[in-house]
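Chemist: any chance you could fold what I've pasted below:
(one chain, ligands or ions: 1)
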Amino acid sequence: MANDEVQAPVNTGRRRFLTATTAVVGAVGAGFAAVPFIKSWNPSARAKLAGAPVTADISALQEGQRLILEWRGQPIWIVKRSKAVLDALPTLDGHLRDPKSENADQQPEYVRQANPELRSLKPEISVLVGLCTHLGCSPEMAAEIKPEPYDPDWKGGYFCPCHKSRFDMAGRVFQGVPAPTNLVVPPHHYVDDGTIVIGVDPSNGTGA
Ligand code: FES
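Modeler: The predicted structure is shown next:
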């Protein structure tokens, strides 16, 4: 487990898959951010196999932090982005393969309509399936805006070490890397301001 990754409290009973990763975005010297108390209500193992929705309280999620859930056997990343990261995203469009999220397979239509560049219902909250669209490795989050060995002008994003694909903080893939498409945004909606449900389309009540 990396220094900036903290295992969230685990309740007894059903197996939980919940970690909170802290990466302070654009806050040099801020040190470790407090790990929020994050509740989730995961379904039983049998229900999870069937793809039951997963609900989580994200009200305590801080900027730069990532909550990782499991849905349909896939890691789901919920990341709170800073204003600096959000402001940087449109500046990357010229370097991306699908900056306006035109590949309809990679996100629900209501997410694209909400904002095709941010790829999220709430500007600051990004929800992604954490699997590289090349061969399925789990990319690393490098959320800080700072030079990286693979990009001296890095604006924060995800780097897949398997074959060096890069994605921005909206999960949009860069040009010239093996991954062909943006990371997938799963169906999701908000029950209230701080409660998210993964796996349910708000328009028709399904996870399709
Ligand atoms: S699996 Fe990510 S670049 Fe190949």
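Chemist: only C-alpha atoms for contact and neighbour calcs from this point on.
Modeler: Noted.
Chemist: and stretch 112-126, what's its mean pLDDT?
Modeler: Averaged across stretch 112-126, the pLDDT comes to 97.
Chemist: nope, stretch 75-89 is what I meant
Modeler: So the average pLDDT for stretch 75-89 ends up being 97.
Chemist: okay, buried residues for that stretch please.
Modeler: Across stretch 75-89, burial judged by 16 or more other C-alpha atoms under 10 Å covers 75-82, 85-86, 88-89.
Chemist: next, count neighbours for the residue lying closest to residue 59 once chain neighbours are set aside.
Modeler: Take residue 59 and drop its neighbours on the chain: the residue closest to it by C-alpha to C-alpha, 6 or more residues apart in numbering is residue 194, 4.3 Å away. By other C-alpha atoms under 10 Å, 12 other residues sit near residue 194.
Chemist: next one: residue 104
Modeler: 10.
Chemist: that one: which element?
Modeler: Using DSSP states H and E, residue 104 falls within no helix or strand.
Chemist: measure it to residue 112 for me?
Modeler: Residue 104 is 8 Å from residue 112, where distance means C-alpha to C-alpha, to the nearest Å.
Chemist: can you read off the pLDDT for the residue nearest to residue 59?
Modeler: For residue 194, pLDDT reads 94.
Chemist: quick one, phi/psi of it?
Modeler: Reported as degrees, to the nearest 10, the phi and psi values for residue 194 are phi -110, psi 10.
Chemist: show me which residues of the protein sit near the ligand.
Modeler: 132, 134-137, 160, 162-165, 178-179 (C-alpha under 6 Å from any ligand atom).
Chemist: in helices only, show me those residues.
Modeler: Under the assignment DSSP state H, the residues of the chain next to the ligand contribute nothing to helices.
Chemist: in CSV: the residues you listed, plus neighbour count and pLDDT.
Modeler: Formatted as CSV, the residues of the chain next to the ligand follow (neighbours: other C-alpha atoms under 10 Å; pLDDT from 0 to 100):
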residue, neighbour count, pLDDT
132, 29, 98
134, 17, 98
135, 11, 97
136, 12, 97
137, 14, 97
160, 21, 98
162, 14, 96
163, 14, 97
164, 14, 97
165, 22, 98
178, 18, 98
179, 22, 98
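Chemist: adding distance to residue 126, write those out as CSV.
Modeler: Converted to CSV, the residues of the chain next to the ligand look like this (distance: C-alpha to C-alpha, whole Å):
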residue, distance to residue 126
132, 16
134, 20
135, 22
136, 19
137, 19
160, 18
162, 23
163, 24
164, 22
165, 19
178, 23
179, 20
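Chemist: mind checking which of these are in strands?
Modeler: Using DSSP state E, 160, 165 are the members of these that sit in strands.
Chemist: give me the phi and psi angles of residue 135.
Modeler: Taking degrees, to the nearest 10 as the convention, residue 135 sits at phi -130, psi 10.
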